[in-house]
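Peer 1: Take this sequence and fold it.
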Amino acid sequence: MQNTRHREIIIRLEIDGILCGLRHGSVMKFLGTLSLPPSFQELRYGEAQQFILNHVTKAQEELMTVAVEEAIAD
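Peer 2: Numbers count the residues shown, from 1 in each chain. Next comes the predicted model:
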C-alpha cells in the first residue's frame, strides 16, 4: 500500500513539474527532499514533457478558437 502511495506522489510530481516547466534536476532534488526514490530517467522525463506540452498547446489553441468564435457571435 505504501509503495502505491509513493508511486502516486512521484507521478503527480512528474506531471506537475512538466506543467510548471521544472527541469529533471529540480524534480530530483524535490524527490530527495521528500525522501522518495526517483522513478524516471532524464530521457523519459523529456519525452513526457514534450508529450504533455503538445497536448496542452493543442488544448489552448482549441479553447482560444472557441473563445474567439463566442466573442464574434455576441
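Peer 1: roughly how far out does the longest helix along the chain sit from the chain middle?
Peer 2: Identified as the longest helix of the chain according to DSSP state H is helix 42-73. How far helix 42-73 lies from its chain's middle: 13 Å, per Cα atoms, centre = their mean, to the nearest Å.
Peer 1: Over to stretch 10-23?
Peer 2: 4 Å.
Peer 1: Could you list the buried residues of it?
Peer 2: For stretch 10-23, a neighbour-count test (16 or more other Cβ atoms under 10 Å) marks Ile10, Leu13, Glu14, Gly17, Ile18, Leu22 as buried. Any C-beta I mention is one placed from the backbone N, CA and C, and that applies to glycine too.
Peer 1: Save those residues as a markdown table, and put in distance to Ala67 too.
Peer 2: As requested, those are exported to a markdown table (distance: Cβ to Cβ, whole Å):
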| residue | distance to Ala67 |
| --- | --- |
| Ile10 | 35 |
| Leu13 | 31 |
| Glu14 | 30 |
| Gly17 | 28 |
| Ile18 | 25 |
| Leu22 | 28 |
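Peer 1: out of those, which one sits closest to His55?
Peer 2: Ile18 (10.7 Å; Cβ to Cβ).
Peer 1: Contacts only, for the closest one.
Peer 2: Counting by Cβ atoms under 8 Å, 6 or more residues apart in numbering, Ile18 makes contact with Tyr45, Ala48, Gln49, Ile52, Leu53.
Peer 1: Got the confidence number for Met1?
Peer 2: Model confidence at Met1, given as pLDDT, is 42.
Peer 1: So for the most centrally placed residue in the chain, what's the nearest residue that isn't a sequence neighbour?
Peer 2: The chain has Ile15 as the residue nearest its centroid, 2.7 Å off, counting by Cα atoms, centre = their mean. In space, and not counting its chain neighbours, Ile15 is closest to Ile52: 6.8 Å by Cβ to Cβ, 6 or more residues apart in numbering.
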